Every structure is written in C-alpha cells, then in structure tokens.
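> Any chance you can model this:
(2 chains)
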Amino acid sequence: MNRIRVFVPRDSAALAVGADEVAARIAALAPAEVEIVRNGSRGMLWLEPLVEVETPLGRVAYGPVAPGDVPSLIEAGFLQGDEHPLLVGITDRLPWLKSQERLTFARVGITDPLSLADYEAHGGLAGWRQAQSLPPAAIVQQVLDSGLRGRGGAAFPAGIKWQTVAAAQAPQKYVVCNADEGDSGTYADRMLMEGDPFLLIEGMAIAGLATGATRGYVYVRSEYPHAIATLREAVASARGAGLLGPHFELEVRKAAGSYVCGEETAMLESLEGRRGIVRAKPPLPALQGLFGQPTVINNVLTFAAVPTVLAKGPLAYRDFGMGRSRGTLPFQLAGNVRRGGLVEKAFGVTLRELMFDYGGGTASGRPLKAAQVGGPLGAYLPESQWDLPLDYEAYAAVGAVVGHGGIVMHDDRADMARLARYAMEFCAIESCGKCTPCRIGSTRGVEVVDRIAAADPQLRPQQVKLLRDLCDTMLHGSLCAMGGMTPYPVLSALNHYPEDFGIAAPGRAAA
Amino acid sequence: MRDPSTPRQQEVLLATPSELRDRIRQLGKPAARADDPRLAQVHAILSELGAQPGPLLPVLHAVQDAFGCIPPELVGPIAEGLNLSRAEVHGVITYYHHFRSEPAGRHVLEVCRAESCQAMGSEALWHEACAGLGLPAGGGTTVDGALTLEPVYCLGLCAQSPAAMLDGHPHARLDTGRMSSLVARSVEAA
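Numbering: from 1, shown residues only, chains lettered A, B, ... in the order given. Coordinates of the predicted model:
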C-alpha cells in the first residue's frame, strides 16, 4: 500500500509549543507505513503544532495538537483524514490561507525545507535557470522592472542597488544578506530561513550572477539557532547540487545579539570582526561595503522575492501592489492577537483587514487600543489610521512606517507612556554610541518621560515640550535609523494617546 | 630618584623595545599559563577559523561554545593569534550581548521582554521569575549556579507571545504555570 505522509512542522514556532514531542508520539503510535515529514510552518501560528495528513482530497489539517492528543487522533482515524475535535479542514481550502497572495511564501509549510528535490518539484530553481540564460544587465533590468524595494524596512529599490554594484569595478564583490531580524513582532525572515532556505540561497546566487559577486554572507542573529542550523544544512546541499560553488560561495555567519547590527553598515563592521558601530555614509556600501569592496546588501525577503521575479517575469510581480509599492509583503501579526501568523498580501491591504479579518482581534478579547507597525522603531497607530492602505508612501505621509511588515497589537490595558519610555530605554541599551543624539538622547528621553509621569500637572506641558525638542534632535541629528526613528513610537504615542501621559489632547499633529 | 642599578629597573632597560611593549601590555592582565590545556583548544580553533576574512566573531563563538564563556585569560592568546590588540578583542567581547566573560549557570533561560511579549504580559512573568529565584530585577545567576535568567529582545515567536528560550530550545504561549515549570525543570535538573 502507499505510504501515508504526515506533516509535523519543524519551524521554531511549532517546536516552541511541542512539535517534536508530537512527532515522536506519532512515530511511536502510528503504523509502520506512516512517513513523518518535518515541514515548515503554514503560518497559522495559533494552530501550531499543526499536523497535516495527505489524503486523496488534499492535505487535511489538525491543530493545535498536544502530544496527549495523538492517541485519540489515531483512534479517530486522522490518518485517513477523519473527523476529530481538532480537525481544522482541508488546508488549501481554509479561507485564512486561500485569500492570501503567497509568492515568497508559496512553498513554506508545503515542502520539506531541506529537500532540494522537493524544492525543485514545487517550482524552485526556475528563477536561477532563467537568470543563467540572461546577461547580467538583463537580470538587473528584470529586478528594476519588478519594482521590488528593500523589504528590510528602508524600501530602497533593489534594482538600483544591484545596478550600482554591477557597474562598479573591483577585484572582489560581495552579496550580503541581512538576516538580523531583531524587530519585535517580526518573524518572516526566520520562517523563511527555516521553512524554505533554498529560496534565499537561490535569490543570493542570482544576485551574484547579476552583479559579478562571487562571495556571499548571510548574517543571522544568534537568537535564531534553528534558522542558522537549517541554513547551514541547506548551503551544504546547494553546494552539492551546483547552485553554489566556485562561481558563488556562501557562508552563514552567526551574529552576537546586537540590535543595531541590523543596520547595514554596523552589520558590515560586525562581519569584518569589529564592534557593530555604524559607519557614516557615503561611501555607499554598494561601492565600498564589506572589506571595502562593492557589496549588495538586502534583507532575506528581498532576496527571496527575486527568484519569483525571474521565474514569473517582472511584470507578473509588478501586477501586485499599489502606487510605488509593488509586489507582496509577508505581514506578521503579533502581540495581543487571537489568530496570529503570517499573512502575505499585496501592498494596499489595510491594518483593519489584517488585524480583524485575519487576526480575529485581540487574544484577550478586550478592545484593541494600538498597533505598532514596523518594529520597535515604528509608530503606534490609533484606530483612526487602521483603514489606511499599507503602502510605503501612504504610511510615510502620516509619520508611520511599514518597515518589515510586523504588526504588534496592544489591548486597552496598554500604557502608551510606558511603551514610549520603553522605546527610549531600548534605544539606550542598543545604541552603538557613535553619534550623540542617539547615545545621550535616548538616556535623556527615559528621564524626561519619567519626569512627565511624576510632574505636577501644571509643569507637565514644559516637560512635554522638552520631549518633543529631544525627539526633533534625534530625528534629524542621528547617524542611522536607531536614533533617527526612536522618536516615531515616542511621538506617535504622545500625539495619539496624550491622556496616557496625563495631558489633555492638544492639536493632533502628525508625528 | 630611584637607583638605576636596582635589578628590576635593569631588567627593564635590557629589554628590546618590542619586548618592553609586550611586558607593558601584560601588566595586570590575566594570562593563561603556558601549560593550560585550554590553550591547545584555542590554537586549534584559531587554525581552523583564523585564516578566513573577518575571523573574530566566528572564533569568539567557537571559544564560547567550547568553554561556556570567553575567559579573560584567553583574550591574549586570541588577540595574538589573529594579530589584533587585546583592546580590540576585549572591545568586541564586551560590545555584544551574546558573549560572556564568566560562565553562565548550568541552564540559561532567556525571557523575551520586547513589545510583542509585553503586550501579552511578559513583564509580570519576568518579575515573578526574578522574585521566585531570588534575583534582582535585571536577572542574573542563582546563588547555587543552577540557572541564569536573562532578558532577550525578541525570539521571533511573536504570534505566540510570551516566549522564552531554555538552553537554546524555544518555548512559547507562556503563562505563570508554564514559566514556573520551565524554571523548576532547570533548577531540579541542575
């Protein structure tokens, strides 16, 4: 008889809620013809561990499965896709998944992340083959035509960066992937590295072809041990299969827990073996980057979008999105959310759709108060802004950022003044110390927020003015986004939730 | 003025400038004895990883993986092996949160205190854990050396906050009960 395939994710998010124990239990109790595949996560993280069984109707999902549920699942006939209280349905028909536009995450959760054969069977390597048949300038042109912008947060057009590196003359050029995903509320890079590592490798190899770079580095944060292990295994297989080799060597480098190393020049310093101190720009890394050589630096999701652009054509990619924000962004629902997970949608979707239609509101069941979009340096958005389309320009217009697409939801118990203080405190802990506005400003910021809380109500306006002045200095005087964007969460909290600071609402100026 | 003929001064004066520089460099610095068995391991790590471009972080990770920390007395040999100054190596070790100069407890519990976990009550969990272990509000290592409790700023498990990592294994959807069982498990297993 045919083997029955059962899928139990190996993604950290599944491991964190007992997926290994569930897999071991199934292996111990199921008949011998059952094969357990350790796939990536489908992104429905509230259902993890999500166990799927292959049936003639498609894959049938059960979740969240605790180790103790396994005997009853087997008894109920889950290996044939039969009814059980944990039955979710046929995975591909679940509205939560079906309504997404999964380009980058098309394979994540479906394939075995470390099987190159599985990768190819599901459309992998098509972009790389296409790139090999093109002259380098044509590859760069396709990336330009796709409208792809950096997914790490800064949203700089990827094709222009690639063009600059391709045009530079140097004995050695580099491709560096920034996988230092330190923003709270973001986990798409981690899910991709753990769930479809070959896609990142393929994207970087294409960048090598396009720019003439023959060495690449992936700089992964040390808080992601499973992503590092998965990537290293995938790099070894890719070398065996010829995707990597003398034409393009790739190394996975483990970071060491410094948030500011997510800033590209600090990351270069770290890769070179120094403290992660931000460099002044210019020179641009595209001209003088790693070891002083021309370097393409992109985020995981930027590289991971490239194979799709090459395989399906730049215009197919460009068809998604709105305005100057083209393609899709894998949004990440986090914090106080009922159905948290990864939602890949074209730009233009609204926060309300994501947080309520997909997220189902708060986990606590209490009213939603604020959503921080774009990580610790992103603004807090009040309800009046939840209907804005998620688009880089539309968000910039209200003093917010789309960033890396992380959305952290807070219910009505959140104290926005405390969160503003935390933003300053985080900056003080993580500042590299090179520029004064960030190094000193963040510490003064904590003090001022404390004084606002403690002050006699009559003296409060004076302290609030001081905080605004300080934010202005940090915003305009800092060397990089660490100090330069810490004012976003602080000012948005102050502007939209003044009552939490003990002051009456003034004119609601945009942050 | 000291008598220049005292033995100590003479010894210094007889040194070549580079020897002098080395001695000054060693003043008051902890140094591993030549027969320290850890030196052989450091040299093996250096010969495996030292030749690549930008080798310092990979070398420091390997040293910390081998000894549980980067002992101050090994900083000199690492610096020498990579042709760096001791100050450069020391600066890197102390800059990055991940590197430690003293060994951690037998188990390490990293509890996320970033925004997403805060939105799900991680601050209360953190303070309960500190109080339960008799640690200050910033965390630390228990007196018996069983457990090190540390804050971490995001583990990428933000849809299942609050989250923590025990000895490199992720745990999510924590509450008081699950958190205290994690703590109890590591304190007992120690």
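> C-alpha from now on. contacts and neighbour counts both.
Fine.
> Go ahead and confirm residue A:89 touches residue A:62.
Yes. Applying CA atoms under 8 Å, one finds residue A:89 in contact with residue A:62, separated by 7.4 Å.
> Which residue of those two possesses the greater neighbour count?
residue A:62 (24 against 18; other CA atoms under 10 Å in any protein chain shown).
> surely that one meets residue A:48?
No. Counting by CA under 8 Å, residue A:62 does not reach residue A:48; the two are 9.2 Å apart.
> check contacts around the most centrally placed residue in chain B.
Nearest to the mean C-alpha position of chain B, by CA atoms, centre = their mean, lies residue B:100 at 0.9 Å. By CA atoms under 8 Å, 6 or more residues apart in numbering or on different chains, the contact set of residue B:100 is B:64, B:69, B:70, B:93, B:94.
> Which of these fall in helices?
B:64, B:93, B:94 (DSSP state H).
> Not counting its neighbours along the chain, what's nearest the second one?
When the adjacent residues along the chain are set aside, residue B:93 lies closest to residue B:99, with 5.7 Å between them (CA to CA, 6 or more residues apart in numbering or on different chains).
> Report the spatially nearest residue to residue B:82, omitting neighbours in sequence.
Nearest non-adjacent residue to residue B:82, counting by CA to CA, 6+ apart: residue B:50, 6.5 Å away.
> who's in contact with that neighbour?
Contacts of residue B:50 by CA under 8 Å, 6+ apart are B:56, B:59, B:81, B:82.
> what about 10 Å?
Going by CA atoms under 10 Å, 6 or more residues apart in numbering or on different chains, residue B:50 touches B:43, B:44, B:56, B:58, B:59, B:78, B:81, B:82, B:83.
> What distance do you get for it to chain A?
Counting by CA to the nearest CA, to the nearest Å, the gap from residue B:50 to chain A is 11 Å.
> Send me the longest strand that chain A contains as CSV with only the CA atoms.
Longest strand in chain A by number of residues, with DSSP state E as the criterion: strand A:328-335. Extracted in CSV, the C-alpha atoms of strand A:328-335 (Å, rounded to 0.1, in the frame of the first residue of the first chain):
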residue,chain,number,x,y,z
THR,A,328,3.6,41.4,-1.9
LEU,A,329,4.7,41.8,1.7
PRO,A,330,4.5,39.0,4.2
PHE,A,331,2.8,40.7,7.1
GLN,A,332,3.3,39.3,10.6
LEU,A,333,0.5,39.5,13.2
ALA,A,334,1.9,39.6,16.7
GLY,A,335,1.4,40.6,20.3
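> What are the contacting residues of the helix or strand hosting residue B:87?
In this assignment (DSSP states H and E), residue B:87 forms part of helix B:86-95. Residues from elsewhere that reach helix B:86-95 (CA under 10 Å, 6+ apart): A:256-258, A:270, A:273-277, A:430, A:432, B:25-26, B:29, B:56-57, B:60, B:70, B:72, B:75-80, B:82, B:85, B:99-101.
> Mind splitting chain B into its structural domains?
What the TED database lists as the domains of chain B is B:17-95, B:107-189.
> Dump those domains to a markdown table, plus mean pLDDT.
Below are those laid out as a markdown table (pLDDT from 0 to 100):
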| stretch | mean pLDDT |
| --- | --- |
| domain B:17-95 | 91 |
| domain B:107-189 | 95 |
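> Drop anything exposed from the contacts of helix B:86-95.
A:256-258, A:270, A:273-277, A:430, A:432, B:56-57, B:60, B:70, B:72, B:75-79, B:82, B:99-101 (16 or more other CA atoms under 10 Å in any protein chain shown).
> Next, the distance between the ends of stretch A:425-439.
Start and end residues of stretch A:425-439 are separated by 11 Å (CA to CA, to the nearest Å).
> Return the set of buried residues in that stretch.
By neighbour count with 16+ other CA under 10 Å, stretch A:425-439 contains the buried residues A:425-428, A:430-433, A:435-439.
> just to revisit the earlier point, and the residue nearest to residue B:93, that one's in a strand?
No. Residue B:99: not assigned to a strand; according to DSSP: H, G, I helix; E, B strand; the rest coil it is coil.
> In contact with it, which residues?
A:256, A:257, B:57, B:60, B:61, B:63, B:64, B:68, B:69, B:70, B:92, B:93 are the contacts of residue B:99 under CA under 10 Å, 6+ apart.
> residues contacting residue A:27?
A:6, A:21, A:34, A:35, A:36.
> Assign a three-state SS to residue 128, would you?
Picking chain A for this. helix.
> Residue A:89 now?
Here residue A:89 is recorded as strand under three-state DSSP.
> re earlier: what pLDDT does the residue nearest to the centre of chain B get?
The confidence metric pLDDT takes the value 97 at residue B:100.
> and if you look at the one 4 residues further on?
The pLDDT attached to residue B:104 in the predicted structure is 96.
> Within the helices and strands, which one has it?
With DSSP H and E as the test, residue B:104 turns up in no helix or strand.
> residues contacting the nearest residue to it once chain neighbours are set aside?
Distances taken as CA to CA, 6+ apart place residue B:148 nearest to residue B:104, at 6.0 Å, with adjacent residues excluded. Counting by CA under 10 Å, 6+ apart, residue B:148 makes contact with B:103-110, B:133, B:135, B:139-142, B:166-167, B:186-187.
> one step back: got a winner among the contacts of residue A:27 for most neighbours?
Busiest of the contacts of residue A:27 [other CA under 10 Å] is residue A:6, holding 25 neighbours.
> in terms of contact, does that one touch residue A:37 like I think?
Yes. In this structure, residue A:6 is within contact of residue A:37 by CA atoms under 10 Å, at 6.0 Å.
> about what we covered before: now, the buried ones among the contacts of helix B:86-95 that are in strands?
Among these, no member falls in strands (criterion: DSSP E).
> taking these one by one, which sit in helices?
Among the buried ones among the contacts of helix B:86-95, the residues falling in helices (DSSP H) are A:270, A:430, B:56, B:57, B:60, B:75, B:76, B:77, B:78, B:79.
> Residue 113: how many residues sit nearby?
With no chain named, the answer covers chain A. Neighbours of residue A:113 under the rule other CA under 10 Å: 29.
> Chain B, not that one
With other CA under 10 Å as criterion, residue B:113 counts 25.
> tell me the contacts of residue A:442?
Residues near residue A:442 by CA under 10 Å, 6+ apart: A:421, A:423-431, A:436, A:448, A:470-471, A:474, A:483, A:486-487.
> what secondary structure does it sit in?
Put simply, residue A:442 is helix when judged by three-state DSSP.
> Next: the one 10 residues further on.
Remark: residue A:452 carries the secondary structure label helix [criterion: three-state DSSP].
> In terms of helices and strands, where is residue A:191?
With DSSP H and E as the test, residue A:191 turns up in helix A:188-195.
> In terms of secondary structure, what does that helix contact?
For helix A:188-195, the packing partners by 3 or more CA pairs under 10 Å, 6 or more residues apart in numbering or on different chains; DSSP states H and E come out as helix A:12-15, strand A:174-179, helix A:197-211, strand A:215-220, helix A:225-241, helix A:300-312, strand A:328-335, strand A:342-346.
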